[in-house]
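Asks: Can you look at this prediction? I've put the sequence above it.
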Amino acid sequence: MNLSVSSWNYLQAYGADARLFTAIDEITVNSFGVELWLDWSAEPGIIPERKEEIRTKLAGVNLSAHTALKECDFEKFKAEIDLCAYIGARALVVHVNVLGDRANDINAAGIKFAQQSVDYASTKAVAIALENGSFSALAKVMKQVCGLKACVDVGHANIEGLEETKDPKLIYNACYLKKLKERIVQFHLHDNHGLCDEHLFPGEGTVDWKRFLQATASTGFDGTYVLEMKSNDNPIEAARKARNFLTGIYRTLKHSNHEMV
């Protein structure tokens, strides 16, 4: 499995005491990729100010970024895209609720912003990946914006699902995932009990991780799985624990498939 760790995990654990370069060093020395949380509130401005150091430290590392954007502001988003291109981030993730919380909230201006952003990012070799809050909103934008990629958040999916079909289990539906196969660039991994966004370790909530990994494996997905979890004490130990849990399931599935062949 191609696993990354979000630097957001460190903000959740340490708050104002979080240090970006400590997070980067711990994540990479443990052989994870990095998802860089651009809204690094513990040290405001550090990412653009020290982008050269970040670029050097993360050279050769599987790197993506998560936007700090809260609304449709093309100039701010363009600056983030430029930053991603400079430091070598292959994808920039944005929540669908930047465009609207529900499908009916997304208007022509939101679609235009999304297409403009994707078109600009393509000139910089950066993929814009829209993350599901509402699956219905994600589906609407994906249908209308050419070249847009997807980031499927497993925790969000476990809470909501796709309301129109009354199916909360699309993350286990291989046929559904296959439809998005060429557009999914990464999955965000965390667990919950189906009621709120708890960001638990995989295995501590109600997500069926075996079914999920079976579904993604059947699509031939070879992109990135990003661990996005809350930890009150040691984020990298939590990431190692999650890796052991998930790769154990993944290896079992691979072995079973090999025996069947």
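Replies: Great, that's in hand. Computed from a predicted model, the values in this text were never measured in an experiment.
Asks: quick one: low-confidence parts of the chain?
Replies: Where the chain drops to pLDDT under 70, the residues are 161-168, 255, 257-261.
Asks: Which helix or strand contains the residue nearest the centre of the chain?
Replies: Most central in the chain under C-alpha atoms, centre = their mean is residue 188, positioned 4.1 Å from the mean C-alpha point. Residue 188 belongs to strand 184-189 when assigned by DSSP states H and E.
Asks: mind listing the helices for the stretch 151-261 of the chain?
Replies: With DSSP state H, counting those that start in this stretch, the ranges of helices along the stretch 151-261 of the chain come out as 154-159, 174-179, 209-219, 235-260.
Asks: can you list those helices in a markdown table and add distance to residue 199 and mean neighbour count?
Replies: For every residue, glycine as well, the C-beta is placed using N, CA and C. Below are those laid out as a markdown table (distance: least, C-beta to C-beta, whole Å; neighbours: other C-beta atoms under 10 Å):
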| stretch | distance to residue 199 | mean neighbour count |
| --- | --- | --- |
| helix 154-159 | 7 | 22 |
| helix 174-179 | 22 | 15 |
| helix 209-219 | 15 | 18 |
| helix 235-260 | 10 | 15 |
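Asks: between the ones you listed, which gets nearest to residue 203?
Replies: Among the helices of the stretch 151-261 of the chain, helix 235-260 comes nearest to residue 203, with 5.2 Å by C-beta to C-beta.
Asks: Neighbouring strands of the helix or strand containing residue 4 in the sheet, and parallel or not?
Replies: Assigned by DSSP H and E, residue 4 belongs to strand 3-6. Sheet pairing of strand 3-6 (DSSP bridges) gives strand 33-37 (parallel), strand 224-227 (parallel).
Asks: got those strands as CSV, with distance to residue 147 columns?
Replies: Shown next, in CSV, are the strands paired with strand 3-6 (distance: least, C-beta to C-beta, whole Å):
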stretch, distance to residue 147
strand 33-37, 21
strand 224-227, 19
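Asks: could I get those strands as JSON lines with distance to residue 211 and mean neighbour count?
Replies: Formatted as JSON lines, these follow (distance: least, C-beta to C-beta, whole Å; neighbours: other C-beta under 10 Å):
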{"stretch": "strand 33-37", "distance to residue 211": "24", "mean neighbour count": "24"}
{"stretch": "strand 224-227", "distance to residue 211": "15", "mean neighbour count": "26"}
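Asks: For residue 53, which of the ones you listed is the nearest?
Replies: Using C-beta to C-beta, those put strand 33-37 closest to residue 53, at 12.6 Å.
Asks: quick one, the closest one and strand 184-189 angle?
Replies: 80 degrees (axes from the mean of the first three to the mean of the last three C-alpha atoms, to 10 degrees).
Asks: Strand 33-37: what's the following helix or strand?
Replies: Remark: after strand 33-37, the chain's next helix or strand is helix 46-49, criterion DSSP H and E.
Asks: Name the residues that touch that next one?
Replies: Helix 46-49 is contacted from outside by 20, 36, 38, 40, 54, 79, 83, using C-beta atoms under 8 Å, 6 or more residues apart in numbering.
Asks: now the strands for the stretch 51-200 of the chain?
Replies: For the stretch 51-200 of the chain, the strands defined by DSSP state E, counting those that start in this stretch cover 63-66, 91-95, 127-131, 149-153, 184-189.
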